[in-house]
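In: here is a sequence with its predicted model. Questions after.
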Amino acid sequence: MRIVLGVGGGIAAYKVASLLRLFTEAGHDVSVIPTEASTRFVGTATWEALSGNPVSNSVFDDVHLVNHVRLGHEADLVVVAPATADLLAKAATGQAGDLLTNTLLMAHGPVLFAPAMHTEMWQHAATRANVETLRGRGAAVLEPASGRLTGADSGPGRLPEPQAIFDAAMALVQGRSDYQLPLAGRTVTISAGGTREPLDPVRFLGNRSSGKQGVALAVAARNAGATVRLLAAHMEVPAPAGVEVQRVETALELREAALAAAADSDVIIMSAAVADFRPAEVSDTKIKKRDDTADPVITLVRNPDILQELVEQRNASRAGSGQLVVGFAAETGDSQGDVLAYAEAKLQRKGCDLLVVNHVGMDKVFGQDSNAVVILSRAGSEPQEASGTKTEVSEAIVRRISFELNHVSPRA
Ligand code: CTP
C-alpha cells in the first residue's frame, strides 16, 4: 500500500519515527511529508533513512514529477501525525501553502489525523469546529490520548501511541468504523501494588504484590486512549509515563482515594492487593524487645472492603451511569472448593461487574512477568480465559472492558 505520512510541527514528531517503522515493516511504501516547522523537531534525513524515499516539504522540489498532485492521487492512505492545531485548521479551511496541505486536498483515499497539542488548544472552540468539519467531510480524526503533556500540564492532547495509530490506520483502510481508540474519552482508575499496614514507625504488615499487573493494566488502558489514574500502593516497578499517579500506603488511604476517584471514572479496576486486616493499634514509637516482658501479641481488625464499597457507591449515586467496577481475585483453591468456585462466590458477594481471577501459589503470579487469568462476568457470560505476559493479559482485560463499556447496556 502507498502511504503518505504527513508530519506536523509538534514535539511528538519524534514518536512518528516509530510509526513510520511500523508501516515500513508491514511492507508499505511510505512517502513522508514533514511540514517546515516539524523539521525543527525531526530532520528530513531521519525520514529519508527510515522510509527509503526522498523527502521534501516544498511544492518547488522535483517540479517535473508534479508531486503536489501525484502524491495525494496515488496514496492509498494519508496519515497526519502529529496533527497540530495549525494543521487541522489548514486542512479544514482547504489551504494549500505547502506540499502536505496540497496533498491533503488531492487525497483520494482515506485520511487519518492523529492530533497532539496542549489540552486547551484541543478543547478550544476553533479546534473543535475544525475537527467537526474534517469529520463531516469523511476524514478520520483520532481522539488524542490523555496524560502528561510536554510541560507540567496533563490532560487530553498526547499523541496516541504509534501502535494505536497504526491499528487505527489499518482499520480505516479496511473500511471499519471502529478505528477510534476503544477507550478514547474514558477515565479509568486503577489501584496497584500492595498496601502496607503500620505497626509502628518502622514496621508494617505487607504482602507480596509487585504492582506489575496494575502497571501493565495502566499502560494498556493508556494505549487504548483512556485517561488513567493510578492509585499506587507499594510497588516494585516504576509507574508508567502518561498516567496520573497518586501514592497511597494503607488500605484506609486507598479506600479514600478510590472512592473519590470513582466519582468521575468510567471504569475502576481494583488490582491492588489490599490487606484484609490492619493492626488494631499503631505505636507512635518503635516497639522495643525487652527480656522482662511476654512476647507481644498483635491484635488485628478488619479493613473495609473497598471493592464492595465502590459497587455500593456506584449503585447508590451513579446507577445507570454505566460505570464498570472490576475486581481481582487471587485464589489458591483448597479442600473446600476449587479456584473457580471460590471466585464465582466472590463475584456474587462483592457485586462487581467483572472479576479477574488469578490462580496463586507461593511461586505463582506474585512478582512474575506472566500469568493466566479467567474473567468472570456478573452478567453471566461464559468465563473468558486469557494468558501470556502480564502485558498481553492486561491488553485482553482492557479489550474486554472496552467491549463491556461500548456494547453492554448500563449496569445496576
Ligand atoms: N479488596 C478490596 N478491599 C479489601 C480487600 C480486597 O477492595 N479490603 C479487593 C481487591 O483489590 C480485589 C478483590 O477485592 O480486587 C479481591 O480481593 P481478595 O483479597 O482476593 O478477596 P477477599 O475479599 O480478601 O476474600 P478471601 O479472603 O476469601 O480471599
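Out: That came through, no problem.
In: residue 121 is in contact with residue 155, correct?
Out: No - Residue 155 lies out of contact with residue 121 (Cβ atoms under 8 Å); the separation is 10.8 Å. Every residue, glycine included, has its C-beta placed from N, CA and C.
In: neighbours of residue 138, just the number please.
Out: Counted with other Cβ atoms under 10 Å, the neighbours of residue 138 add up to 8.
In: one more: residue 406?
Out: Residue 406: 12 neighbours (other Cβ under 10 Å).
In: and the helix or strand where it lies, what's buried?
Out: In this structure, residue 406 sits in helix 390-407 according to DSSP states H and E. By neighbour count on 16 or more other Cβ atoms under 10 Å, the buried set for helix 390-407 is 390-391, 393-402, 404-405.
In: filter these down to the ones near the ligand?
Out: With the criterion set as Cβ under 6 Å from any ligand atom, no member of the buried residues of helix 390-407 is near the ligand.
In: I'd like the residues you listed as a markdown table, with pLDDT appended.
Out: Formatted as a markdown table, these follow (pLDDT from 0 to 100):
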| residue | pLDDT |
| --- | --- |
| 390 | 88 |
| 391 | 90 |
| 393 | 94 |
| 394 | 95 |
| 395 | 92 |
| 396 | 94 |
| 397 | 96 |
| 398 | 95 |
| 399 | 92 |
| 400 | 95 |
| 401 | 96 |
| 402 | 93 |
| 404 | 92 |
| 405 | 91 |
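In: which single one of the residues you listed is nearest to the ligand?
Out: Within the buried residues of helix 390-407, the smallest distance to the ligand is 12.4 Å, found for residue 397 (Cβ to the nearest ligand atom).
In: hang on, isn't that closest one packed against residue 375?
Out: Yes - look at residue 397 against residue 375 with Cβ under 8 Å: they come within range, at 6.7 Å.
In: mind listing the shared neighbours of these two?
Out: Common neighbours of residue 397 and residue 375 are listed as 356, 386 (criterion: Cβ atoms under 8 Å, 6 or more residues apart in numbering).
In: so which bits of the stretch 151-300 of the chain are right by the ligand?
Out: Residues of the stretch 151-300 of the chain found near the ligand (Cβ under 6 Å from any ligand atom) are 251, 270, 272, 274, 276.
In: restricted to buried residues, select those in PyMOL.
Out: To isolate the buried subset of those in PyMOL, counting by 16+ other Cβ under 10 Å, use the following:
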select buried, resi 251+270+272+274
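In: widest-spaced pair of the residues of the stretch 151-300 of the chain next to the ligand?
Out: Pairwise distances across these (Cβ to Cβ) peak at 13.2 Å, for the pair 270 and 276.
In: how close does the residue of the chain positioned farthest from its centre sit to the ligand?
Out: The C-alpha centroid of the chain is most remote from residue 292, which lies 56.2 Å away (Cα atoms, centre = their mean). Distance, residue 292 to the ligand, using Cβ to the nearest ligand atom, to the nearest Å: 37 Å.
In: domains of the chain?
Out: The chain breaks down into these domains under automatic domain parsing: 2-173, 187-407.
In: how about JSON lines for the ones you listed, with distance to residue 181 added?
Out: Shown next, in JSON lines, are the domains of the chain (distance: least, Cβ to Cβ, whole Å):
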{"stretch": "domain 2-173", "distance to residue 181": "6"}
{"stretch": "domain 187-407", "distance to residue 181": "3"}
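In: which residue ranges form the helices in the stretch 251-400 of the chain?
Out: Taking DSSP state H, counting those that start in this stretch, the helices of the stretch 251-400 of the chain run over residues 251-262, 306-317, 339-350, 390-407.
In: excluding covalently adjacent residues, which one is nearest to residue 156?
Out: In space, and not counting its chain neighbours, residue 156 is closest to residue 146: 4.7 Å by Cβ to Cβ, 6 or more residues apart in numbering.
In: per-residue pLDDT, that neighbour?
Out: On the pLDDT scale, residue 146 is placed at 76.
In: that one: what secondary structure?
Out: Counting by DSSP: H, G, I helix; E, B strand; the rest coil, the backbone at residue 146 sits in strand.
In: got it, and residue 191?
Out: Assigned with three-state DSSP, residue 191 falls in the strand class.
In: may I ask which helix or strand of the chain has the lowest mean pLDDT?
Out: Taking mean pLDDT, DSSP states H and E as the measure, the chain has strand 145-148 as its least confident helix or strand, at a mean of 73.
In: beyond that one, next helix or strand please.
Out: Downstream of strand 145-148, the first helix or strand assigned by DSSP H and E is strand 154-158.
In: list the helices and strands that next one packs on?
Out: Secondary-structure packing of strand 154-158 (3 or more Cβ pairs under 8 Å, 6 or more residues apart in numbering; DSSP states H and E): helix 119-123, strand 145-148.
In: now mean neighbour count and distance to residue 317 too, for the ones you listed, in CSV please.
Out: Converted to CSV, the helices and strands packed on strand 154-158 look like this (neighbours: other Cβ atoms under 10 Å; distance: least, Cβ to Cβ, whole Å):
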stretch, mean neighbour count, distance to residue 317
helix 119-123, 16, 27
strand 145-148, 22, 24
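In: between these, which one is closest to residue 29.
Out: Closest to residue 29 of the helices and strands packed on strand 154-158 is strand 145-148 (Cβ to Cβ; 27.8 Å).
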